[in-house]
Structures are given as C-alpha cells and as structure tokens.
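Peer 1: For reference, the sequence and a predicted model appear below.
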Amino acid sequence: MDNHSHQAEAHTINQFNNIMNKKVVVVFALTVIAIIVLTLYSFGPLSNIRKQAKMNPGSLESVSSEKAAVSNKNIVLNVYHNRDLKENYYTVKLPQNGQVLAGKKAGGYSFSYNGIKGTVELMDVPDNTTLELYILSQEEPKLRKIIGYKREDYKKLAINGNESYQLTYASKINGTDYKTIRTYVVGQDMAIVITISSPQSDFADMQNIASLVFNSFRWENK
Amino acid sequence: MKNIFFFISLIVLGIGIYLKFIYDVPDSQENINFFVSWFLIIVSISSMLINLFWKTPKQKGQD
C-alpha cells in the first residue's frame, strides 16, 4: 500500500515536470520564431513594410497651388504638408509640372522639373552636436567622395526664421558638370535637408527655382 | 542560481528598453537599433519565462 502511494506520487511529479518542460519548449520555440520574424522585419524582405508604415499617404497630395514668376516664366508650385513623422511636420512648395514622389525614407520627397532634380529629406542630428558642426564634420566629408566635388559656397541663412546653412558645390556626373545647392534647416527634433541639382548650363534657372523651394519651407509645429 | 539568472535577464530587458525608447539613434543606425533592441527585449522576456517554468527533475533517492 505504501509502495503504491510512492508510485502515485512519483507519477504526479513526472507529469508536473512534463508540463513544465512543455512550457519551456513552447517559450523557446516562440522565441526562435520571433527572432526569425524580427530578422526578416529588420533586414529582409519585410523591412520595406516597416519603412512604408511610417509614410502618410496624405503627405503626397498637394493641398493647394500658387503661381510664381521665374526668369520671365510663370511656374506653378504645389503646396505639400508632410505629416509622416510626429514632431517633424512641415510645409514645402514643389514645382507642379514636374514629378513628385515619396522620398526613400519617411518624411521626404524627391522631385524633378525640366532637368532639375531635388530631394527633401529629414535628417537626424545627434543631441551632442550642432547642425553646423554636423554638416562640416559628417556631411561634407561624405560629399567629398562624389566625383569632381568642389565646394563653391557655404553660408549661414535664416529661412522663415529658422537657422539654416547652405552649401553649394560642383560635381561631375557621367562627364557632365553639375551644380548642387544643399540647404539644411534646423528643426525642433530633426533637421531638413533640401538638395537641388542641375547641369551647370541650367544653373541660373535652378538657382531661381531652388530659392522658391527653400523659402517656401516652414516647420508646422513651431 | 535561478535568482541570478532572473536578475541578469532583468538587466538585459532594461538595456533593450533603453535602446528602443530612450537612446537617440543616428539615422544610419536605425535598422541595427531596431533589431538589437527588440532582440534584447524578446530574449530577456523569454529567458524570464523559461526561468519561471523551469523545474529541475528530482534525482532518484532525493527527498
């Protein structure tokens, strides 16, 4: 009788251990699955879904348009309100007769207009530096790797009351001389970078359109 | 031993949460930060659960 109760107790302990081990196996299996999904979501084919999730489709729809005169030509600028990333909402005007697309990352645009190409991008500046220091120590060294890079101008500006920096440089793309104006505007959270480039022959037109785009930029959360 | 294991998991969870929600991630490191922070959070939570469910089988002759 005593032997019988010992056997029953051992059986119960075994059953208990089995249940515990099953739970451990289930947790382990779920962890492995979660890590596989995380890897796919971070670096694999699912990473695009994560990036697109941040983009607000409304950011690509222009809310109104305005006429402006550039070297005796009238051009129409579309007004875009970018609301992709909280704390970084902004308004910018881009040429209507060109093509405006979402940027590579959330909070950006890429556009082209009569051979002039441009991008508007949000840029994270680490908390332990200033935008100017970041441009000179991190951004320009990257730009120097572009074929034929030559800095032509660098100045501090104020765009609609925002501290801004403008870098103008020459480069070569497929043997053609290009000029690029890159403007950085300080923001509360991130900075905005508006890059506009064209062949050197179209520089005068590009400068006029670029100044319209730059001066149209406003942060919305200010 | 189980307590030490649980404590280490808790520290790892803290590091994961710090990287995910507090650390200011540079643009170029967003992907790696996303992966590392979630990896630490998942691994630490699962190790805490395993720690909770783990039972060392009793040896024969042990009371």
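Peer 2: Received the coordinates, thanks.
Peer 1: Identify each buried residue in the helix ranked longest in chain B, please.
Peer 2: Secondary structure assigned by DSSP state H gives helix B:30-53 as the longest helix of chain B. Going by neighbour count (16 or more other Cβ atoms under 10 Å in any protein chain shown), the buried part of helix B:30-53 is B:33-51, B:53. The C-beta positions use only the backbone N, C-alpha and C, and glycine is treated the same way.
Peer 1: Quick one: mean pLDDT for the longest strand belonging to chain A?
Peer 2: Secondary structure of chain A per DSSP state E: the longest strand is strand A:162-173. The average pLDDT for strand A:162-173 rounds to 92.
Peer 1: just stretch A:56-65 next, same as before
Peer 2: 81.
Peer 1: Equivalent analysis for stretch A:38-45, please.
Peer 2: 85.
Peer 1: any idea whether the residue positioned nearest the centre of chain A is helix, strand or coil?
Peer 2: Chain A has residue A:105 as the residue nearest its centroid, 3.6 Å off, counting by Cα atoms, centre = their mean. At residue A:105 the chain is in coil, as set by DSSP: H, G, I helix; E, B strand; the rest coil.
Peer 1: Repeat that for residue B:5.
Peer 2: Residue B:5, by the three-state scheme (three-state DSSP), is helix.
Peer 1: So which bits of chain A are right by chain B?
Peer 2: For chain A, the residues in contact with chain B (Cβ under 8 Å from any Cβ of the partner chain) are A:13, A:16-17, A:20-21, A:23-24, A:27-28, A:30-31, A:34-35, A:38-39, A:41-43, A:47, A:50, A:123-124, A:126-127.
Peer 1: Distance check, the spatially most central residue of chain B against residue A:116.
Peer 2: Centroid-nearest residue in chain B: residue B:44, 1.2 Å away (criterion: Cα atoms, centre = their mean). Between residue B:44 and residue A:116 the computed distance is 51 Å (Cβ to Cβ, to the nearest Å).
Peer 1: and residue A:81, bridged to which residues?
Peer 2: residue A:91 (DSSP bridges).
Peer 1: list the contacts for it?
Peer 2: Residue A:81 sits next to A:58, A:59, A:63, A:89, A:90, A:91, A:220 when contact means Cβ atoms under 8 Å, 6 or more residues apart in numbering or on different chains.
Peer 1: Ok, residue A:31 next?
Peer 2: Counted by Cβ under 8 Å, 6+ apart, residue A:31 has contacts B:42, B:43, B:46.
Peer 1: Would you format those residues as TSV with pLDDT and distance to chain A included?
Peer 2: Listed next are the contacts of residue A:31 as TSV, based on pLDDT from 0 to 100; distance: Cβ to the nearest Cβ, whole Å:
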residue	pLDDT	distance to chain A
B:42	95	5
B:43	95	7
B:46	94	4
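Peer 1: returning to that earlier point: if I look at the residue nearest to the centre of chain B, what pLDDT would I see?
Peer 2: Looking at residue B:44, its pLDDT stands at 95.
Peer 1: where does chain B dip in pLDDT?
Peer 2: B:27-28, B:56-63 (pLDDT under 70).
Peer 1: Count the neighbours of residue A:187 for me.
Peer 2: Neighbour count for residue A:187, taken as other Cβ atoms under 10 Å in any protein chain shown: 21.
Peer 1: So it: helix, strand or coil?
Peer 2: Assignment for residue A:187 (three-state DSSP): coil.
Peer 1: What's opposite the residue nearest to it when sequence neighbours are not counted in the beta bridge?
Peer 2: Excluding its sequence neighbours, the residue lying closest to residue A:187 (Cβ to Cβ, 6 or more residues apart in numbering or on different chains) is residue A:219, at 5.6 Å. With DSSP bridges applied, residue A:219 shows beta-bridge pairing to residue A:90.
Peer 1: neighbours around residue A:219, how many?
Peer 2: So residue A:219, with other Cβ under 10 Å, has 20 neighbours.
Peer 1: check contacts around it.
Peer 2: Counted by Cβ under 8 Å, 6+ apart, residue A:219 has contacts A:88, A:89, A:90, A:162, A:185, A:187, A:188.
Peer 1: Now do the longest helix seen in chain A against helix B:30-53, angle only.
Peer 2: Ranked by number of residues, the top helix in chain A under DSSP H is helix A:2-42. Interaxial angle, helix A:2-42 versus helix B:30-53 (axes from the mean of the first three to the mean of the last three Cα atoms, to 10 degrees): 170 degrees.
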